[in-house]
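1. Got a predicted structure here, sequence first:
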Amino acid sequence: MDYPVVKGAAYVLAHVPDMVIQQGVVQKIEKITNPDSEYLKKLSQSFRSYEEAVQYPPNQVYIGNMVPEDLRQYPMPWYEKKVKNAERFGKYGEIMPQDEFIALMKISDVFDSVVLDKKFTDMIKAKLYTHQLLKEDVIKLGEGEDFLEIQTAIQQQNAQPLFHQGNIVGCVKRADDLDENLASDIMLQNFTVKASGILALKHLLDKVDIQAHEIEYVLECSGAACGDMSQRGGGNFAKSIAEGVGAINASGSDTKAFCAAPMHALVEAAALVQSGIYKNVVVVAGGAIGKLGFNSKEHMNKNMPVLEDVLGSFAVLVSKNDGIHPVIRTDLIGKHAVGTGSSPLAVISSLVSTPLAKGNYKTTDIDKYSVEMQNPDITIPAGIGDIPEANYKMIAALAVQRKEIQPKDVSKFTFNHGIPGWVPTQGHIFSGVPYIGFAIKELTSGSFHAVMLIGKGSLFLGRMTNLFDGVSLILERNSGIDEKTVGGFTQEEIKYMIAEMMEDFASRLLKERSDENA
């Protein structure tokens, strides 16, 4: 079987503290239920600066300037630590400041819904001209509008204000007077998804050997959905993001499945490539604005800064087998079926044990398991615990059950086959996808043979079912052999040679019989 490969990955964070205050779900609810709360009063003073967000160790891991294992060198809590000589740009992407991200939202707008102030526009143009991936898009900013027009739109037309450092620098207008799915707050959410998705895909194109016009299909799998009153989740973020990077030959669609969506999208991308329908498929996800500041109440109660102040996005390229990059074992996909059950052990067993057994793998044969890689610096103070560690202990328990390790070796297994969590609470990036960049390196130039990516979702949140969701897949070192070739010849070439041989044999046989008859 000629498996598809994962050719590259890109990861982007946008530091957006003002959006936490205005657009986070927790903050919106608080404004309705308890508008005079101490939490809201203190929130604006509880943010990190952009420089502190860049220096935060888990954020440096996310963009590839550090590997996840480096976090073991930093005693927790990590928010008290700073990475020396931390950089904005990394091997896999960047950490973008809020003012530039607001400008990127305007750049991504094709319906004039995002309006920016003239002074802000002039200032941000100068900054974006220095951005290698965005300087050609600066023209899309236009000249900006008078501040009075922006104020009028906010006060009289229910436009959503755009804040930077506490000051209004623009707004997002509603796209329809009656359709609540096109209201200004929803439109703002949509632009954050599209803009961050575009930036992630631009970084991917900058880091892999492919041009935008070679992308044939895009799958978008963020925690948001766009549409109108007749089709609330009709889409299509994917095609709009493709348009934003100049992928003129691409089509696309959105895949939504809560936190498991990226894994579903990767499986879909692999199937599209392996079937021969497309050669190059991109899986991309923009940031989830509603998740901003999700655990900030608990953090602030413990005198911590607001750590969920970044939007996370990513892009991954799946292509036909090149004999070099890690293959996706499409015959070893794990899934949480309807009848699997909802106990944690049943969920993890369906995602881990079943595909391993099918592939004759021992649990210990997988070099690393990338599970729900949530940052424990965020989840432990919120009372949720260390989620990656809990998952690794369950996988280790399966290994004990399969008699592949001894009970006394559980901690050793967790350390050797697990990874410290580093991912912001953005829903769609909880799953195994943030490790793909590191996995590609380890499975090509490193010593790894196989990595398992696991994504899980909470379908009960939609109130349609009590079911969980989950998908897993195995990335494997490429053998360097095209499985459709034998001895360096393709199957078509072999068929042609056999046909020639048969034809030659038939000719000689006829000649021999003709000679005998003569």
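-> Yes, it's here.
2. List the buried residues of stretch 252-260.
-> Buried residues in stretch 252-260, counting neighbours by 16 or more other C-beta atoms under 10 Å, are found at Gly252, Asp254, Thr255, Lys256, Ala257, Phe258, Cys259, Ala260. For every residue, glycine as well, the C-beta is placed using N, CA and C.
3. Does the last one touch Leu467 like I think?
-> Yep, that's Ala260 we're talking about. No. Counting by C-beta atoms under 8 Å, Ala260 sits too far from Leu467 to count as a contact (11.1 Å).
4. what sits in contact with each of the two?
-> The contact sets of Ala260 and Leu467 do not overlap (C-beta atoms under 8 Å, 6 or more residues apart in numbering).
5. Max pairwise distance over the buried residues of stretch 252-260: which two?
-> Gly252 and Cys259 (21.0 Å; C-beta to C-beta).
6. For stretch 322-338, measure first residue to last.
-> From its first residue to its last, stretch 322-338 covers 36 Å (C-alpha to C-alpha, to the nearest Å).
7. likewise stretch 450-465?
-> Per C-alpha to C-alpha, the first residue of stretch 450-465 is 34 Å away from its last.
8. mind checking how far it is from the chain centre?
-> From the chain centre to the centre of stretch 450-465 is a distance of 14 Å (C-alpha atoms, centre = their mean, to the nearest Å).
9. State the pLDDT value of Gly432.
-> In this prediction, Gly432 carries a pLDDT score of 87.
10. which residues touch Val54?
-> By C-beta under 8 Å, 6+ apart, Val54 lies in contact with His15, Gln60, Ala86, Glu87, Arg88, Ile95.
11. Can I get the buried part of those residues as one ChimeraX selection?
-> Buried subset of these, written as a ChimeraX selection, criterion 16+ other C-beta under 10 Å:
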select :15,60,86,88,95
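12. Put together TSV for the contacts of Val54, with pLDDT on each row.
-> Converted to TSV, the contacts of Val54 look like this (pLDDT from 0 to 100):
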residue	pLDDT
His15	98
Gln60	98
Ala86	98
Glu87	98
Arg88	98
Ile95	98
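13. and the next element down the chain from whichever strand or helix holds Leu104?
-> Take DSSP states H and E as the rule and Leu104 turns out to sit in helix 98-107. As assigned by DSSP H and E, the chain's next helix or strand after helix 98-107 is strand 114-116.
14. Which elements pack onto that following strand?
-> Using 3 or more C-beta pairs under 8 Å, 6 or more residues apart in numbering; DSSP states H and E, the elements in contact with strand 114-116 are helix 98-107, helix 147-156, strand 167-172.
15. Among those, show me which one is buried the most.
-> Of all these, helix 98-107 has the most neighbours on average by mean count of other C-beta atoms under 10 Å, namely a mean of 24.
16. what packs against it?
-> Taking 3+ C-beta pairs under 8 Å, 6+ apart as contact, the helices and strands that helix 98-107 lies on are strand 5-15, helix 17-23, strand 114-116, helix 118-128, strand 160-164, strand 167-172, helix 184-207.
17. can you list contacts of the shortest one?
-> Among residues not part of strand 114-116, those counted as contacts by C-beta under 8 Å, 6+ apart are 102-103, 105-106, 124, 141, 144-145, 149-150, 153, 159, 162, 169-173, 191.
18. nearest to Gln27, of the contacts of Val54?
-> Nearest to Gln27 among the contacts of Val54 is His15, at 16.7 Å by C-beta to C-beta.
19. Isn't the closest one up against Met96?
-> Yes. His15 is in contact with Met96 according to C-beta under 8 Å; the separation is 7.0 Å.
20. ok so, going back, make a markdown table out of the helices and strands packed on helix 98-107 and add distance to Thr414.
-> Shown next, in a markdown table, are the helices and strands packed on helix 98-107 (distance: least, C-beta to C-beta, whole Å):
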| stretch | distance to Thr414 |
| --- | --- |
| strand 5-15 | 25 |
| helix 17-23 | 33 |
| strand 114-116 | 46 |
| helix 118-128 | 44 |
| strand 160-164 | 43 |
| strand 167-172 | 45 |
| helix 184-207 | 31 |
